[in-house]
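K.L.:
here is my input; please provide its structure:
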Amino acid sequence: MKYLCLVYFEEKSMQAMSQSEWDALNNECLDCGESLRASGHWLGGEALQSVDTATTVRLRNGKVTTTDGPFAETKEQLAGFYLLDARDLNEAIQLAGKIPPARYGSIEVRPIREVVTEGNSAYP
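P.N.:
As a prediction, the model looks like this:
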């Protein structure tokens, strides 16, 4: 089963890290990704740029509007994601616990909902 692991942390805390601390964390994340690939659990993932670069899009009454910044003001910001293949939620939680930024913020684990139409094509 597929699980999306959303990585959240407080950007201000990350910005307060020294360059060597930041580099060490990034190297840990790369190593974690390699380990997940080697074990067959890795399906994909990416780090996101700062929330300062975010744009929120809404469609209301047929009109698209945009707002600079993230959808909601929160203490922790979405920083990236890992898409994993795990046997079940328990295994996904075990794998998420190995994602290095979990020490600084949180990892939200959510099962992927497969949506299939009559023509057998998936859509959101």
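K.L.:
and the next element down the chain from the lowest-mean-pLDDT helix or strand in the chain?
P.N.:
When the helices and strands of the chain are compared on mean pLDDT, DSSP states H and E, helix 11-15 comes out lowest with a mean of 88. Counting by DSSP states H and E, the next helix or strand C-terminal to helix 11-15 is helix 19-38.
K.L.:
outside of that following helix itself, list whatever touches it.
P.N.:
Where contact means Cβ atoms under 8 Å, 6 or more residues apart in numbering, the residues beyond helix 19-38 that reach it are 14, 17, 42, 45, 47, 82, 84, 95, 98, 99, 100, 101. Backbone N, C-alpha and C define where each C-beta goes, glycine included.
K.L.:
out of the residues you listed, which end up buried?
P.N.:
Buried residues within the contacts of helix 19-38, defined by neighbour count using 16 or more other Cβ atoms under 10 Å: 14, 42, 45, 82, 84, 95, 99, 100, 101.
K.L.:
in strands, which of those fall?
P.N.:
42, 45, 82, 84 (DSSP state E).
K.L.:
let me know the pLDDT of the residue nearest to residue 44 when sequence neighbours are not counted.
P.N.:
With sequence-adjacent residues excluded and distances taken as Cβ to Cβ, 6 or more residues apart in numbering, residue 44 is closest to residue 83, at 4.3 Å. The model reports residue 83 with a pLDDT of 97.
K.L.:
what's the first-to-last distance across stretch 101-117?
P.N.:
Its first and final residues considered, stretch 101-117 spans 37 Å by Cα to Cα, to the nearest Å.
K.L.:
tell me which residue is most central in this structure.
P.N.:
Centre of the chain computed as the mean C-alpha position; nearest residue by Cα atoms, centre = their mean is residue 81, 2.0 Å away.
K.L.:
and that one, how far from residue 53?
P.N.:
Between residue 81 and residue 53 the computed distance is 16 Å (Cβ to Cβ, to the nearest Å).
K.L.:
next one: residue 104
P.N.:
Distance, residue 104 to residue 53, by Cβ to Cβ: 20 Å.
K.L.:
for the two, indicate the residue with more neighbours.
P.N.:
For residue 104 versus residue 53, the count of surrounding residues by other Cβ atoms under 10 Å is larger for residue 104: 16 against 10.
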